[in-house]
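> Sharing a model that was predicted from the sequence below.
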There are 2 protein chains.
Amino acid sequence: MIHPDMATMLAILTTDAAVPVPELDEILRRAVDRSFHRITVDGDTSTNDAVFLLANGAAGVGVETEEDRERFEVAVTAVAVHLARAIVEDGEGASRFVTIRVTGAPTEPQAAQVARTIATSPLVKTAFAGGDPNWGRILAAAGRSGVPFEQERTNLTIDTDPPGNPVELVQGGVPTDFSEEAAAAIFEQQRFQAHLDLGEGDGEAEVWTCDLTHDYVRINADYRT
Amino acid sequence: MIHPDMATMLAILTTDAAVPVPELDEILRRAVDRSFHRITVDGDTSTNDAVFLLANGAAGVGVETEEDRERFEVAVTAVAVHLARAIVEDGEGASRFVTIRVTGAPTEPQAAQVARTIATSPLVKTAFAGGDPNWGRILAAAGRSGVPFEQERTNLTIDTDPPGNPVELVQGGVPTDFSEEAAAAIFEQQRFQAHLDLGEGDGEAEVWTCDLTHDYVRINADYRT
């Protein structure tokens, strides 16, 4: 913002498909909303970010039908998600990559808002760093997100990434009799996920975040500008 | 929120003045808005906080005139600010106490919003920990606060606390030719202040914060719940 002689992030997606600019624009905006706008390292907004989607039409094949258009958007979104996740994996001092999945929110934007509040909470992120399956910090962050929900309807499950070893920490708003050992084993992984269901509606969203470690402080405190 | 068997913070103010409850309520709400609602350690909202103002009337003296009422409110606010600042000074891992003062905002709530965004920015708070007078991080945080302002009108000055050694880092949106040594000398203090003027209006507010240190991560990552 102040001295933009280099960009914080430049992402360039290219395709040989022949897609008109207005359509590309719409597709890219939706893809970015579900990828680059769903990641966080420390909650501080970068000042000079740009995502480009360039189509040269070399393939001579356009997106003619609604089905074509949908498949093209799915592909663009998948590439954008891949790149966005890589930014978090490379986050300052990050030792763990965590997917925050929120379902059962009234709307998708509200699901994203809850997920983002959890994903940027210093208390949640330090618990991730410590490998502590601290369900209370996750629910407390959700509670201050500004999205109304009933604690009694919430379920919180953690799982490995890829999934397959779910441990339910909270059911109906109260902690289950979960195995501390099984929960800690998931939080010790380099990648894992936390899934909070609010039980209110059909809105769902994922946000990708990392832990807040000693190395984050070292990199950002000892780096002299 | 989940298991409120003890409170995160309880503040109790007492007075012998004879002030009716509705008046006390109004005065306390304004005082809290300018004290307990103006502090941050890590941006995570506590779940069980309460501030009480109790008046027993033992003095037999009320607040009859507008002047009385104002003096009483100034006194209540001063006590509330004193207690609120003490919470930040005792913040988890805090090694520096920093006053963020924003002036020249369109309104007081907007000044508080800018100050709060600066005061909770992990990049700003790690720069504080590192003793780095990083004006770019402070302006970048202000820029994402949601309050519109023109960079060209901003001035940023840092000073000791209590004041008396001001160093102007930014004037008219660009860095001055400030003495790195003088600036670093301020940021090395245990208490200092940063004053951002937006040049837009009369709104002003102070928020009190601390630095983000290795000890914050240690306390919150290694503490096993």
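Sure thing, it's come through.

> Spell out which residues of chain A are next to chain B.
By C-beta under 8 Å from any C-beta of the partner chain, the residues of chain A that approach chain B are A:1-3, A:42-45, A:47, A:121-123, A:126-127, A:129-130, A:132, A:134-137, A:139-141, A:143-144, A:151, A:173, A:212-214, A:216-218, A:220-225. Every C-beta, even on glycine, is put in place using the N, C-alpha and C of the backbone.

> Now the buried members of these.
A:1-2, A:42-45, A:47, A:121-123, A:126-127, A:129-130, A:132, A:134-137, A:139-141, A:143-144, A:173, A:212-214, A:216-218, A:220-221 (16 or more other C-beta atoms under 10 Å in any protein chain shown).

> in chain A, what residue sits furthest out from the centroid?
Most distant from the centre of chain A: residue A:60, at 34.8 Å, with distances by C-alpha atoms, centre = their mean.

> can you pull the pLDDT of that one?
For residue A:60, the model assigns a pLDDT of 92.

> What distance do you get for it to residue A:108?
The gap separating residue A:60 from residue A:108 is 35 Å, by C-beta to C-beta, to the nearest Å.

> do the same with residue A:140
23 Å.

> helix or strand for residue A:157, which one?
strand A:155-160 (DSSP states H and E).

> After that strand, heading C-terminal, what element do we hit next?
Next element after strand A:155-160 (DSSP H and E): strand A:167-171.

> And for residue A:74, the neighbour number?
11 (other C-beta atoms under 10 Å in any protein chain shown).

> ok, it - contacts?
Residues counted as contacts of residue A:74 (C-beta atoms under 8 Å, 6 or more residues apart in numbering or on different chains): none.

> That one belongs to a strand?
No - counting by DSSP: H, G, I helix; E, B strand; the rest coil, residue A:74 is not part of a strand but helix.

> Kindly provide the distance from it to residue A:86.
19 Å.

> cool, and residue A:21?
Distance from residue A:21 to residue A:86, by C-beta to C-beta: 27 Å.

> neighbour count winner among those two?
residue A:86 (13 against 9).

> next structured bit after the helix or strand hosting the more buried one?
Element membership of residue A:86, judged by DSSP H and E, is helix A:66-89. Using DSSP H and E, the next helix or strand after helix A:66-89 towards the C-terminus is strand A:97-105.

> Tell me which residues are up against that following strand.
A:85, A:88-89, A:111-112, A:114-115, A:118-119, A:128, A:142, A:147, A:149, A:153, A:161, A:190-211.

> ok and that strand relative to strand A:155-160, angle-wise?
150 degrees (axes from the mean of the first three to the mean of the last three C-alpha atoms, to 10 degrees).

> Not counting its own residues, what contacts the worst-scoring helix or strand of chain A on mean pLDDT?
Ranked by mean pLDDT, DSSP states H and E, the weakest helix or strand in chain A is helix A:214-222, scoring a mean of 89. With contact meaning C-beta under 8 Å, 6+ apart, helix A:214-222 is reached by A:42, A:91-95, A:129, B:122-123, B:126-127, B:129-130, B:132, B:212-214, B:216-218.
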